[in-house]
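[1] I would like the atomic coordinates for the input below:
(chains A and B)
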Amino acid sequence: MALPVLNYFIFCIIFILLSWAVYLPYRCGQLYLAPIYCMCAGAYFGAYAVTAWDWPVALAILASTFVGALFAFFPAIGLRKAPGFATAIASMALIFILQTVIMNLKFVGGSAGYFGIPPMDYPLITSLTVLVIAGIIIYRVDHSRLGRAAELLFYGREEVGCFGVNIAWVGMILQVLSGGLSGAAGALFAFTVGSVFPAAFGFSFLLIIFPIVFIGGNFTMWGAVFFAPILWGIPLILPEAIAEWKDVIFGTLLICILIFRPEGVVSKQVVRSIGIGIQLLVRINKEH
Amino acid sequence: MEVFLAQLINGLAVGSMYALVVTGFNLLLLVSGVVQYAYAHIVVIGMYAAWVVLRATGDNLLLGIPAAVLCSTVMSILTEPLFRPLVKKRAINQTFVMSIGIAMILTHIMAKHIHDGMPVGFPESLSDQAAVVQFGIAAVSKGQFYTFFGTIIAVCAFLYLLYRTMTGRAFRAMAQSPFVARLLGIPITKMGLLSYGIAGLLGGVTAVFLAVTMGSAYPALGDSLGIKVIATVLFAGLGNLKGGLICGLILGIAEGLTVGYLPGQWSNAVAFGMIMIVVMVKPEGIFGIRV
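    Predicted structure coming up:
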């Protein structure tokens, strides 16, 4: 497979993982932007483990997942009960704090970054494996008591508290899971790009993830799966003159979708309709 | 001591601008229920408008300054219809996401279509750095002097409007309960639009002060200012006007002192670290939520 195509697929997988990392806490009404911070932690850890300690790539990805979860755990102690908007800013603050700390750490290259990270042996298979495992976990969470409690939390925190749901516990679990996903995405990013530097993990990532989550659909995990390849791919295939308007196109789409279809393109109804459609097709095929 | 004094003066000038932007931001949050992240971008667009007019008119300040104020006011009012459907549903999280969409568009305009994305510099007639008062190495520049006292005047005028006029009373009623305000006969839509206009006006004034103090503007300024403003609002407590003023100054001074005493780029980390601690320990902010 040609390198640009391979990179396109791997970046799609990274964006799907990051979008799921935003989607999970958003299920309970928390606009959690720390996935970039956890991704940064995971990327640096994975890169350092492979280059300095000679860890195998698979082990480094697994460890990065735990590091991402660990980095999400400590702020989650304070942020688990915070309302949506407060979570957004506090978690955004984490990005800047970690960026600044890394810029001042000489052993990981400071502002210049960390180079010479070896690539993965089977990048697409490894990335797809991570994606499938993450997808299964999210699907299970979505259809568990935790997922249902999170969904209720989105509509009213006080009311859900009255039903005996532990708001803090739900918020913390979802944030830690989100951190784990982001850590894995960070490791994949580091092994794909071959270098990591603090400026890479900034606001620009959010400007891609937000449209994926909110245009794709913020009430199901499938929105990111369908729209990450579209929104990441369109600017790559468009002529340069149009592609440089990417931010305006994404911004306009984001505004329009929030006005006319706040649940996103792939809503729960759409997923249900697609499911029924697939079942019908299978039945028709069997009959013929 | 002189270093401390110099950084304190810098911090006060920067903090007074944060306070002004935070006031406009809080007004929108209180009256319209909108988390307008793009408010800072509207301020920066005002700076760019001033630069364009100054360049076109041969540094005519009488045209450049009103251009900044007018541009910010118009831009702020233009965003109102976009937020209206979300405000009706009281979807505060979504207003934040939408404002990020607006910010993306405004940043693109500044980064690609004005001065090829290069930073724009303001003429010396506007950003005069000559010292008014000198304390050893520490000096209060004309820009800092105008900014600090200009902010005090702007904030006093705003507080007068809010607490001594019928419009202000209507704003406060809407902030307490839009439903009851409607029952009392307050024209909600008109007042909402007016709040965008006043926030834009404050933004325009801030744009002028930013141009005076900084002497330049660049496309990423909107994002860095926007994040700090929202962080300050959280630090103080959502929608708390007085808290926002005080915390804006505190953040500016803390940032100034960090630049003076800590190596590297620790100023952002200190500012955001302070905010993180406050959000984790006291999620309603230091002065409490007033939405």
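[2] pLDDT below threshold where in chain A?
    In the predicted model of chain A, residues A:83-84 satisfy pLDDT under 70.
[3] all strands of the chain, in order?
    All of this is about chain A. According to DSSP state E, chain A carries no segments that qualify as strands.
[4] try chain B instead
    B:120-121, B:131-135, B:138-141, B:216-217.
[5] may I see those organised as a markdown table, with mean neighbour count added?
    From N, CA and C alone the C-beta is placed, and that goes for glycine too. As requested, the strands of chain B are arranged in a markdown table below (neighbours: other CB atoms under 10 Å in any protein chain shown):
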| stretch | mean neighbour count |
| --- | --- |
| strand B:120-121 | 17 |
| strand B:131-135 | 12 |
| strand B:138-141 | 18 |
| strand B:216-217 | 20 |
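[6] among those, which is nearest chain A?
    Closest of the strands of chain B to chain A is strand B:216-217, at 17.9 Å (criterion: CB to the nearest CB).
[7] any idea how far B:Leu251 is from chain A?
    In this structure, B:Leu251 and chain A are 12 Å apart, going by CB to the nearest CB, to the nearest Å.
[8] in the stretch 1-150 of chain A, which residue sits closest to chain B?
    Nearest residue of the stretch 1-150 of chain A to chain B (CB to the nearest CB) works out as A:Gly78 at 2.6 Å.
[9] retrieve the pLDDT associated with the closest residue to that residue other than its chain neighbours.
    Distances taken as CB to CB, 6 or more residues apart in numbering or on different chains place B:Met280 nearest to A:Gly78, at 2.6 Å, with adjacent residues excluded. The score at B:Met280 is 72. That number is its pLDDT.
[10] so B:Met280 makes contact with A:Arg80?
    No: with the criterion set as CB atoms under 8 Å, B:Met280 and A:Arg80 do not qualify as a contacting pair; they are 9.8 Å apart.
[11] who has more neighbours, these two?
    When neighbours are counted by other CB atoms under 10 Å in any protein chain shown, A:Arg80 comes out ahead of the other of B:Met280 and A:Arg80, with 24 against 18.
[12] ok, the residue in chain B sticking out farthest from the centre to B:Lys89 distance?
    Distance to the chain centre peaks in chain B at B:Leu183, reaching 32.1 Å (criterion: CA atoms, centre = their mean). Relative to B:Lys89, B:Leu183 is positioned 20 Å away (criterion: CB to CB, to the nearest Å).
[13] cool, and B:His113?
    Between B:His113 and B:Lys89 the distance is 34 Å, computed by CB to CB.
[14] can you check A:Trp245 too?
    As judged by CB to CB, A:Trp245 and B:Lys89 stand 30 Å apart.
[15] who has more neighbours, the two?
    In this view A:Trp245 and B:Lys89 are compared by other CB under 10 Å, and A:Trp245 has more residues nearby, 16 against 11.
[16] ok, now which ones touch the more buried one?
    Contacts were defined as CB atoms under 8 Å, 6 or more residues apart in numbering or on different chains; by that measure A:Trp245 touches B:His108.
[17] let's go with 6 Å and repeat that
    For A:Trp245, no residue counts as a contact, taking CB atoms under 6 Å, 6 or more residues apart in numbering or on different chains as the criterion.
[18] what's the answer for B:Gly200, then?
    Taking CB under 6 Å, 6+ apart as the definition of contact, the neighbours of B:Gly200 are B:72-73, B:76.
[19] count the residues that sit near residue 150.
    Answering for chain A, as no chain was given. Taking other CB under 10 Å as the neighbour definition, A:Ala150 ends up with a count of 26.
[20] you looked at the wrong chain, it should be chain B
    The number of residues packed around B:Gly150, counting by other CB under 10 Å, is 18.
[21] please name the nearest non-neighbouring residue to it.
    In space, not counting the residues next to it along the chain, B:Gly150 is nearest to B:Phe209; the distance is 5.8 Å by CB to CB, 6+ apart.
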